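Chemist: Sequence and computational prediction follow.
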Amino acid sequence: MSSFARPIVVVSKCLGFAACRYDGQIIPCDFIESMKAFVDFIDVCPECEMGLGVPRDPIRIVLDGEKKLVQPATGRELTQKMEHFSRSYLENLDDFDGFILKSRSPSCGILSTRIYPDAGSTTCLDKRGSGFFADVVTDKYPHLPAMEDEQLDDILLRDHFLTTIFTLASFREMSSSVSMHSLIGYHTCNKLLFMSYNKNILARMGNVVANREGLPAEEVFALYLDLLTELLSEPSETGSTINAMMHAFGYLSRYLSAQDKFIFLQQLQQYREDVSVLFGLKEKLLSWALHFDVDYISNQTFFRPYPQELVLRLSEQELEIL
């Protein structure tokens with residue numbers, strides 16, 4: 001748990017990498033900056049890559065019978081050019097584990113971009129949509145995590161995103177050897193994490209690892225990866241996370257006093273009403289596992305799915321749990 005595989009994340013270039021926004025600006029993002037010590041980024045600006053300059057006349061999405069990408073000042077329609085670039089670019093990338101894209105961008109926004117009735121309108125429609133590059137991303141890789149920069153401020157969305165990219169990166173690193181022994185080890189140390197997402201998919205993953213049909217290792221790994229990306233495609237729910245914590249608590253309860261048990265179960269009930277206490281509860285379980293040398297629990301990635309340096313600072317309420 002002390003070392004982590006480095007995820008590979010495709011990121012909008014304007015988010016701290018280059019001054020390539022339409023107005024020639026760069027958009028600082030402190031959290032992306034903090035990720036650079038642990039994540040390998042592939043930065044891209046679809047608008048620059050397809051030949052638009054910096055600065056450039058703004059482009060917008062219009063819904064004039066069909067969804068189009070236009071540049072009102074020049075009258076250019078860029079729909080096909082953007083779609084061609086997006087598909088070609090993604091098809092030529094090698095390994096990657098997720099995306100962080102610029103919100104509200106006509107190329108990169110994910111369900112946050114303004115849509116206009118026509119090129120000349122000064123008023124946008126009530127609904128929002130996705131940019132053309134983002135459309136290709138979510139269509140081509142529906143199970144890979146894709147976030148907007150502004151969503152990184154949400155504690156639970158950020159936790160899910162980080163958990164997913166580091167878990168996928170760990171699988172990618174482990175699978176380079178195509179060793180069934182390594183796959184068993186990976187599955188074992190991730191059991192609580194996977195339980196906190198979906199116990200039914202976890203059971204199917206266990207069946208794949210058991211390989212009762214005697215399939216070739218390459219086929220087993222491919223089946224496992226399909227289930228892994230499906231499992232991580234949606235954030236974990238409160239009930240599933242509680243089940244995982246209770247599973248860990250079951251291993252530890254024999255070492256605990258009646259008072260410790262009672263307080264923990266009270267705090268677990270509090271989690272049902274306030275999800276912000278999750279990180280404090282995890283730290284409490286991990287501290288017990290380390291103190292009582294319960295290796296199976298202390299080695300579970302559920303407690304530290306990504307580097308501690310990327311965890312949001314705990315609140316006073318969460319610190320009280322510790």
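Modeler: Received, thanks.
Chemist: how many neighbours does R56 have?
Modeler: 18 (other CB atoms under 10 Å). (C-beta placed from N, C-alpha, C; glycine too.)
Chemist: wait, what's in contact with the closest residue to S179 other than its chain neighbours?
Modeler: Leaving aside its chain neighbours, S179 sits nearest to A217 (7.4 Å; criterion: CB to CB, 6 or more residues apart in numbering). Neighbour list for A217: V178, S179, M180, L183 [criterion: CB atoms under 8 Å, 6 or more residues apart in numbering].
Chemist: And for A18?
Modeler: Per CB under 8 Å, 6+ apart, neighbours of A18: I26, D43, C45.
Chemist: Go through those and name the one nearest E234.
Modeler: Lowest distance from E234 to the contacts of A18 (CB to CB) belongs to D43, with 27.2 Å.
Chemist: Select from the contacts of A217 the one having the most neighbours.
Modeler: Most surrounded of the contacts of A217: other CB under 10 Å gives L183, at 22 neighbours.
Chemist: where does that one land in three-state SS?
Modeler: Three-state assignment for L183 (DSSP: H, G, I helix; E, B strand; the rest coil): helix.
Chemist: give me every residue that touches it.
Modeler: By CB under 8 Å, 6+ apart, the neighbours of L183 are M174, S175, V209, A217, V220, F221, Y224.
Chemist: and the second one, how far is that from E91?
Modeler: Going back to what we said before, that points to S175. To E91, S175 is 21 Å away according to CB to CB, to the nearest Å.
Chemist: who has more neighbours, the two?
Modeler: Neighbours per residue (other CB under 10 Å) separate S175 from E91, with S175 holding more: 18 against 9.
Chemist: Check what pLDDT that one gets.
Modeler: pLDDT recorded at S175 is 96.
Chemist: Not counting sequence-adjacent ones, nearest residue to it?
Modeler: Per CB to CB, 6+ apart, closest to S175 is F221, 5.3 Å.
Chemist: Equivalent analysis for K67, please.
Modeler: I61 (6.4 Å).
Chemist: what does the helix or strand the one you found falls within contact?
Modeler: Assigned by DSSP states H and E, I61 falls within strand 60-64. With CB under 8 Å, 6+ apart as the contact definition, strand 60-64 has outside contacts at 67-72, 106, 113-119, 121, 125, 129, 131-132.
Chemist: Just the ones of these in strands?
Modeler: K67, K68, L69, V70, Q71, T113, R114, I115, Y116, G129 (DSSP state E).
Chemist: just curious, which of the residues you listed is nearest to A5?
Modeler: Closest to A5, out of all of the ones in strands among the contacts of strand 60-64 and judged by CB to CB, is T113, at 32.6 Å.
Chemist: May I ask you to confirm that that closest one is in contact with L101?
Modeler: No: at 10.4 Å, T113 does not count as touching L101 under the criterion of CB atoms under 8 Å.
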